[in-house]
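>>> Sequence plus the predicted model coming up.
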Amino acid sequence: MSLAQTPLPSDPAALRALAASLQSELTNVVGIVAEKDREIAARDAELYAKTLHVEKLKAQLAALRRARFGRSSEKLERGIEQLELLIGTLEADEAQANAPREAITARSESTKFRPGRRPLPDHLPREEVVHEAPCACPQCGGMRFGRIGQDEREILEYVPSHFKV
């Protein structure tokens with residue numbers, strides 16, 4: 001007999017016990033659903049990676065086919081055959097995976113890789129070093145020097161027990 005067809009008890013304590021048991025069952029079901037969602041997400045990510053790998057191999061194969069009639073076309077024939085075999089096995093593996101396909105969300109703009117180094121923290125002590133020009137030019141003996149430009153760099157230096165810039 002299902003729970004929907006059973007008569008509800010009229011005693012308030014029995015009703016509270018029934019509600020507590022239903023809540024515990026619900027939390028168990030929610031935990032199982034969350035675990036299944038994690039498994040599906042892992043399978044989707046693996047499937048996405050394999051699809052990208054297959055696409056990369058297809059692009060390589062297309063490049064090799066374009067170069068087939070070049071100077072060293074005999075050497076390329078073996079490479080083309082190997083790539084075709086590898087793509088065939090990967091596509092067969094992908095066809096066997098029966099995981100549902102869901103869209104993989106792209107990384108947000110804030111997490112994209114930006115080349116270059118992040119600035120050094122402001123709390124580090126800083127030391128400024130200025131290299132002055134010599135008094136006379138060794139080649140021509142001239143005495144007039146003018147500043148051409150200025151080059152600023154931050155170099156992280158380790159001094160035992162602390163850092164400085």
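Received, thanks. In this text, all values refer to a predicted model and were calculated from it rather than measured experimentally. Numbering: from 1, shown residues only.
>>> CA only for contacts and neighbour counts going forward, please
Fine.
>>> for the record, mean pLDDT for the helix or strand harbouring Thr27?
Assigned by DSSP states H and E, Thr27 belongs to helix 12-66. For helix 12-66, the mean pLDDT works out to 89.
>>> Kindly calculate the angle that the very next helix or strand once past that helix makes with helix 12-66.
The helix or strand immediately downstream of helix 12-66 is helix 73-96, counting by DSSP H and E. Going by axes from the mean of the first three to the mean of the last three C-alpha atoms, to 10 degrees, helix 73-96 is angled at 160 degrees with respect to helix 12-66.
>>> Give me the contact list for the next helix or strand after helix 73-96.
Going down the chain from helix 73-96, the next helix or strand is strand 157-159, by DSSP H and E. Residues outside strand 157-159 that contact it (C-alpha atoms under 8 Å, 6 or more residues apart in numbering): Phe163, Lys164, Val165.
>>> could you flag which of those residues are buried?
Neighbour-count burial (16 or more other C-alpha atoms under 10 Å) is assigned, among the contacts of strand 157-159, to Val165.
>>> So which of the contacts of strand 157-159 belong to strands?
Residues of the contacts of strand 157-159 located in strands (DSSP state E): Phe163, Lys164.
>>> Give me the distance from the helix holding Thr27 to the chain's centre.
Offset of helix 12-66 from its chain centre (C-alpha atoms, centre = their mean, to the nearest Å): 19 Å.
>>> Which elements pack onto that helix?
Applying 3 or more C-alpha pairs under 8 Å, 6 or more residues apart in numbering; DSSP states H and E, we find helix 12-66 packed against helix 73-96.
>>> Buried residues, the helix it packs on. List them.
In helix 73-96, counting by 16+ other C-alpha under 10 Å, buried: Leu76, Ile80, Leu83, Ile87, Leu90, Glu94.
>>> Now flag whichever of these is closest to Thr27.
Taking C-alpha to C-alpha as the measure, Thr27 lies nearest Glu94 of these, at 34.6 Å.
>>> just checking, that closest one touches Leu47?
Yes - taking C-alpha atoms under 8 Å as the definition, Glu94 is a contact partner of Leu47 at 7.1 Å.
>>> measure the nearest residue to Gly142 once chain neighbours are set aside to Arg38 for me?
Distance criterion C-alpha to C-alpha, 6 or more residues apart in numbering; nearest residue to Gly142, sequence neighbours excluded, is Ala136 at 5.7 Å. Remark: distance between Ala136 and Arg38 (C-alpha to C-alpha, to the nearest Å) = 73 Å.
>>> Report the contact partners of Pro9.
Pro9 touches Leu15, counting by C-alpha under 8 Å, 6+ apart.
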